Every structure is written in structure tokens, then in C-alpha cells.
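J.: Mind folding the following:
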Amino acid sequence: MFEIPSFHDLQKYFVGCGPQEVSRALRSEHADIMDLAALLSPAAAEQLPALAARSAEISAMRFGNTIQIYAPLYLSNYCVNRCAYCGFSADNKISRRLLKLEEAENEALILHNRQINHILLVSGEAPARLDVDYLAKLASRLRDKFASITIEIQPLETEEYRRLFQAGITGVAVYQETYDRSTYDEVHLSGRKRDFAYRLQVPDKVAAAGMREVGIGALLGLADWRLEGLALGMHLAWLRKHYWQTALTVSFPRLCYAEGGFKARVEVSEHNLSQLIFALRIFDHDVGLLLSTREEGRYRNGMIGLGPTRYSAGSSTVPGGYAHPELEGEQFSVGDRRTVDEVCSDIRGRGFDPVRKDWDAAFQVAEDRLQMKDDGFC
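T.: Model prediction:
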């Protein structure tokens, strides 16, 4: 079971992190936690070009000149949790809706027609409205049309994740939001999400269920970003050790405007964000790094080839927002409003290939049949 040290204890890792330690971490082929602390330290901030160059070198070796394109598909903005920072918080007076299966399928087909083959199904946490049955039925409708289907919903149990994998879901994103227990308690006011320890174990359940991919992350702006980065590295290393066959990703959402008007508690600049991304790439050469449309197109263009391996494009954070752009009730305000084609064009303009499909769902169908045969079902 993964446990994270307190932020007070994590601060000790940064003691003595100077230019020499940063240089050593940059030369390391197998960076450890102390190297990650050095790369996240204030001393490393003064060597950002060197971090960027090393991160770009590793990314090119592991991922080539490719960036995977994906899009979120919001299914519902109902939520039983009261999270101070979230537009979907139960406290907020927003227009709420849950897409019918036909509406969700139509939203997916719009993305498919835009040549998006990797989708992320997102909802607020309201199990009584959107449950495993709903997701399994939707996945069965979509699995033949998309290369991968990932979900970002309320935490489930291992057996439920197994069922969704068999239905066609290939991965799960579950963000701790903040690894600082005291901050966590202050911003999660009520609901199941208030249980810090329970949420921390969800990625373990996802991996144990056999999902191909697990995504973790911290909402930047709630607590010290350097300590969040160190905690992310520890969590990533633990998952890598115990579930080495599972693909792992990290997302870097920065707080932006959402209903409720929550203000970031800690400033996280683009310079800080870049350092965090470079540090984690140097720490884990194989992890997928996501940069979403929370960030402006200018910044995302500047980061092409330097570390991130996945970009969302043409995103809407409103349930039904692709078919009906006029709808209200978004989770947060999008920073990059370019179309999918515009994002892909800018990626190609910098010498990289925007990959819209790099895996075929038919492989999962074949593996499911083999598993059923092994289990004696056929």
C-alpha cells in the first residue's frame, strides 16, 4: 500500500540541493528521488535550459517525434462532493445535466469525425446518476470506433474496473489533487472525496484490475508545487515497481477560472510548470506526460518536443458541448481554444507528428477472447 510522507518531511529532501547536485542529476541515467529533488529545487530553476535539453533528448529517444492527440468527452457535471476549487462542486449553482447514452455516443462520433481516436470520458462524482452499468454500455458502443477509451470519474473498486476493462475501457485517470494532507482537508469540504487515504489507493486498484494505463496528477496551485512534484515522483516510482506492465501517465493541470471563483493558494508560473515537467521526464524516461487545453496555445506550442507526449485538442468541458457549444456548466475555462486541425498543424509545423491513432482496439478484443478461453468460457 502506497503511503506518502508529510510535506514537512518532504522538505528535507531539498536540503543541500545546489548546482552540483543538479548537474549530477542531469548526468544520471537512472535518476532517484534525491535526483528528482535536485531537479525540482530552486538551484535547478537557474539551469532550466539544461533541464529542457535533457528532457527533450530523453523524450526523443523514448517517443520519437510524436505527440498523441486526445480529447475529453464530458458525460455529466452532477457531483456529490464539495471541492472548493471545482466548477462541478455540489455548492455551485450551475446548469446540471447527464448525457443519455445516445447523446454521449453522438458526442463521441463528433470527435471521431474530427479524427480523434483517443478519448477521455469525464464526469463529476455522482454514482447514483452515472454508474458502472452506464459506462459499460457506453464503452460497448464506442470500443470499435476508438483506439483507446480512458475514464476520469468517481473511484471504483477493483472488480468494477475489471468489468469496465472487459467492456472496452483501456485506462483510468485519478488525480489526488494535492498530496498535502492538511491542504487536502481544507479544500475537500464534504463527500467521499474527502477521504485522503481512500483516494490515494485508487491507482493501485486500477492497476490491479489489469487496466492498460493509469494516470495520476496533482492540481497545481493548491500547495507547494515542488513538494507536489516530489510526491508525484514517489507515487510514480511505487506504481512502476509494483505494476511494471502497466503504462503510467502524469497530468499537470494548473488551477484556472471555474464557477465558485476559487483563487489559487500558491502561484505556479509557466516557468515553474516547465521545470516540473522536465524534472519528471528526466526522473522517469517512459512515463506519458499530458499537457491539456487548460494551458494557452502559445505555451503548449513552446513545449512541443521538450517533454510532453500527449496534447488534448479542441476540448469542451461541458456535457454535450461538442454538439451544442452554447451550453453552460463547464468544469473550468479552457485556455487553448484552437481546433483539432489547428493544434495538429502547429505540431507538424515544428517538425513533429500529431498521432491521432497508435493502437487498435481490435487487439483488446482478441486478448479478451483469449482470456475468456483461459477462464473456461469458450
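J.: rest of the way, CA atoms for contacts and neighbours
T.: Noted.
J.: from the chain's centre, how far out does the strand ranked longest in the chain sit?
T.: When the chain is parsed with DSSP state E, its longest strand is strand 66-76. Taking C-alpha atoms, centre = their mean, to the nearest Å, one finds strand 66-76 lying 10 Å from the centre of the chain it belongs to.
J.: average model confidence for it?
T.: Summarised as a single mean, pLDDT over strand 66-76 is 97.
J.: what's downstream of that strand, the next helix or strand?
T.: Sequence-wise, the next helix or strand downstream of strand 66-76 (DSSP states H and E) is strand 82-83.
J.: what's near enough to touch residue 74?
T.: With contacts defined as C-alpha atoms under 8 Å, 6 or more residues apart in numbering, the neighbours of residue 74 are 121-123, 316-321.
J.: List the buried residues in stretch 183-199.
T.: 184-185, 187-188, 190, 192-194, 196, 199 (16 or more other C-alpha atoms under 10 Å).
J.: mind listing the strands for the chain?
T.: Using DSSP E, the strands found in the chain span residues 66-76, 82-83, 118-123, 148-152, 171-173, 188-190, 213-217, 247-251, 288-291, 310-312, 353-355.
J.: now the angle from the fourth one to strand 66-76?
T.: If I follow you right, that is strand 148-152. 50 degrees (axes from the mean of the first three to the mean of the last three C-alpha atoms, to 10 degrees).
J.: Could you check the angle strand 148-152 makes with strand 118-123?
T.: Orientation note: strand 148-152 sits at an angle of 20 degrees relative to strand 118-123 (the same axes, to 10 degrees).
J.: Residue 192 versus the residue sitting nearest the centre point of the chain, what's the distance?
T.: Nearest to the centroid of the C-alpha atoms of the chain, with distances taken as C-alpha atoms, centre = their mean, sits residue 251, at 3.7 Å. Distance from residue 251 to residue 192, counting by C-alpha to C-alpha, to the nearest Å: 22 Å.
J.: where does this structure have low pLDDT?
T.: Residues of the chain meeting the criterion pLDDT under 70: 357-378.
J.: Apply 50 and report the result again.
T.: Counting by pLDDT under 50, the chain shows low-confidence ranges at 359-373, 375-378.
J.: by contact count, what packs against the lengthiest helix in the chain?
T.: Residue-count comparison of every helix in the chain, with assignments taken from DSSP state H, identifies helix 225-242 as the longest. Other elements packing on helix 225-242 under the criterion 3 or more C-alpha pairs under 8 Å, 6 or more residues apart in numbering; DSSP states H and E are helix 7-10, helix 33-40, helix 270-283.
J.: to the chain's geometric centre, what's the distance from stretch 325-337?
T.: Offset of stretch 325-337 from its chain centre (C-alpha atoms, centre = their mean): 18 Å.
J.: Revised request: answer the last question for stretch 7-15.
T.: With C-alpha atoms, centre = their mean as the basis, the distance from the averaged C-alpha position of stretch 7-15 to the chain average is 25 Å.
J.: what does it rub up against?
T.: Contacts made with stretch 7-15 from outside it, assessed by C-alpha under 8 Å, 6+ apart, are listed as 34, 37-38, 41, 179-180, 227, 230-231.
J.: Would you mark the buried spots in it?
T.: Judged by neighbour count using 16+ other C-alpha under 10 Å, the buried positions of stretch 7-15 are 7, 10, 13-14.
J.: Export those to CSV and append columns for distance to residue 205.
T.: Output for those, formatted as CSV (distance: C-alpha to C-alpha, whole Å):
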residue, distance to residue 205
7, 25
10, 25
13, 29
14, 31
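J.: sorry, back to before: what's the longest helix of the chain in contact with?
T.: 2, 4, 7, 10-11, 33, 36-37, 40-41, 178-180, 204, 216-218, 220, 246, 248, 268, 272, 276, 280, 283.
J.: Which among these count as buried?
T.: Buried positions within the contacts of helix 225-242, assessed by neighbour count (16+ other C-alpha under 10 Å), are 4, 7, 10, 33, 36-37, 40-41, 178-180, 204, 216-218, 220, 246, 248, 268, 272, 276, 280, 283.
J.: picking up where we left off before, pull out the CA atoms of the longest strand of the chain and give them to me as PDB.
T.: Below are the C-alpha coordinates for strand 66-76, written out as PDB (Å, rounded to 0.1, in the frame of the first residue of the first chain):
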ATOM      1  CA  THR A  66       5.400  12.100 -32.000                       C
ATOM      2  CA  ILE A  67       2.700  13.600 -29.800                       C
ATOM      3  CA  GLN A  68      -0.500  11.700 -29.200                       C
ATOM      4  CA  ILE A  69      -3.800  13.700 -29.600                       C
ATOM      5  CA  TYR A  70      -6.800  13.100 -27.400                       C
ATOM      6  CA  ALA A  71     -10.000  14.900 -26.400                       C
ATOM      7  CA  PRO A  72     -12.100  14.800 -23.200                       C
ATOM      8  CA  LEU A  73     -15.800  13.900 -23.500                       C
ATOM      9  CA  TYR A  74     -17.800  15.200 -20.600                       C
ATOM     10  CA  LEU A  75     -20.700  12.900 -19.700                       C
ATOM     11  CA  SER A  76     -22.200  14.600 -16.600                       C
END
